[in-house]
Structures are given as structure tokens and as C-alpha cells.
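In: I need the structure of the sequence given here:
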Amino acid sequence: MDIARVLVIALVVVFVLVRRFGGRPVKDQDRLWVLPAVLAAVGVAEGGLLAPAHPVLSALLLAAGIAAAFGTGHLMGRAMTLWREPDGTLWAKGNRTVLALFGLSLATRAGLALLGAAAGVPVKNGPLLVTFASWILAQGLALAARSRRVPAAA
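Out: Reported below is the predicted structural model:
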């Protein structure tokens, strides 16, 4: 893995942490699928979803990564603190549970990548982007479902 890739991954992690824990308005719920769709499309276009030398193993690792990302993303969306401001704007903010789930998500992704690399499946950007897309989609779906139950400001 080259230094540029490590730097990009580190910047993405910092960006995600700031967005999740700094508090942000929850908006555009009718378009929550757009960013995940773009990330997934870029991941597919990047290629490397299936390793030619290990197609079954790489498919299993990809499926496990997507399932784990969707699961932790869903749990993060359910664990985030939600509230409405007096103007009616819905806000979300991360907490310790979300931080722990974020760590679990990173550890799971790293573990799957290491397992694949040990078996000869190269680590590529495509699968990473596809799993990241499912993680974001799951969070958005969970937040959207919960936001309907947050009462309007008095």
C-alpha cells in the first residue's frame, strides 16, 4: 500500500469522525441513497471486486464485508443522538457507542482485508468503496426511520 492511499484513507477517517461526532443536521432524507450509489458505482468501475485467482473467496470476503458494513452502519444510525432544534431542524450526533461501532467497523474491514491478503486476494479500492457505500446507506436508512419518530419542536 503506497503512502498516497494511506493518506487518503486517513483523511476519510478524520472526515467521517468529524461529521459523526461534531453534530450535523439530518437533511435530504429523500436522497440518502445518492452518495452510496455514487460510491458503489465508482467501486464497481475501479474493479477488483473479484480476484481472478480466487473468485469464490473474494466473493465471500466481499459479501462478508458488505454485510458487516451494513450491520455496523445500521447500529451506528440507531445509536446516534437525535434532537430537533426550535426551528424544527433535526440534528444527529455521535456518542461513545457510535465511536465503539466505528472502531468495530474499521477492525472488521481490516480483518477481512488481512484474511484475504493472507490467502492471496489483493486489497483493492473497489471492494472498499462498495462496503463503504453500504455502511453509509445503512446509517442513512436507520436515521431516516428514527427521524420520523422524533417529535416536532414545541
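
In: the longest helix seen in the chain - contacts with which helices or strands?
Out: Ranked by residue count and defined by DSSP state H, the top helix of the chain is helix 55-79. With contacts taken as 3 or more Cβ pairs under 8 Å, 6 or more residues apart in numbering; DSSP states H and E, helix 55-79 sits against helix 96-118, helix 125-147. All C-beta atoms are positioned from the backbone trio N, CA, C, and that covers glycine.

In: show me what the first one is packed up against.
Out: Just to be clear, that refers to helix 96-118. When contacts are defined as 3+ Cβ pairs under 8 Å, 6+ apart, helix 96-118 sits against helix 3-21, helix 55-79, helix 125-147.

In: the inter-axis angle of that helix versus helix 125-147?
Out: 160 degrees (axes from the mean of the first three to the mean of the last three Cα atoms, to 10 degrees).

In: next up, the contacts around the most centrally placed residue in the chain.
Out: The centroid of the chain falls nearest to W135 when counting by Cα atoms, centre = their mean (2.8 Å). W135 is in contact with A69, F70, T72, G73, S105, counting by Cβ atoms under 8 Å, 6 or more residues apart in numbering.

In: next, give me the two most distant ones among those.
Out: When Cβ to Cβ is used, the two most widely separated members of the contacts of W135 are F70 and S105, lying 10.3 Å apart.

In: which stretches of the protein have low pLDDT?
Out: For the chain, the stretches with pLDDT under 70 are 1-2, 5-6, 9, 13, 28, 153-154.

In: sorry, back to before: now the element after the longest helix of the chain, going C-ward?
Out: strand 81-84 (DSSP states H and E).

In: so what touches that next one?
Out: 26, 90-95, 143, 146-147, 150-153.

In: CA-only coordinates of the helix or strand just after it, as CSV, when you get a sec.
Out: Per DSSP H and E, strand 81-84 leads on to strand 90-93 as the next helix or strand towards the C-terminus. Output of strand 90-93 as CSV, limited to C-alpha atoms (Å, rounded to 0.1, in the frame of the first residue of the first chain):
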residue,chain,number,x,y,z
LEU,A,90,-33.4,17.6,13.0
TRP,A,91,-29.8,17.1,14.3
ALA,A,92,-27.7,13.9,14.8
LYS,A,93,-24.5,13.5,16.8
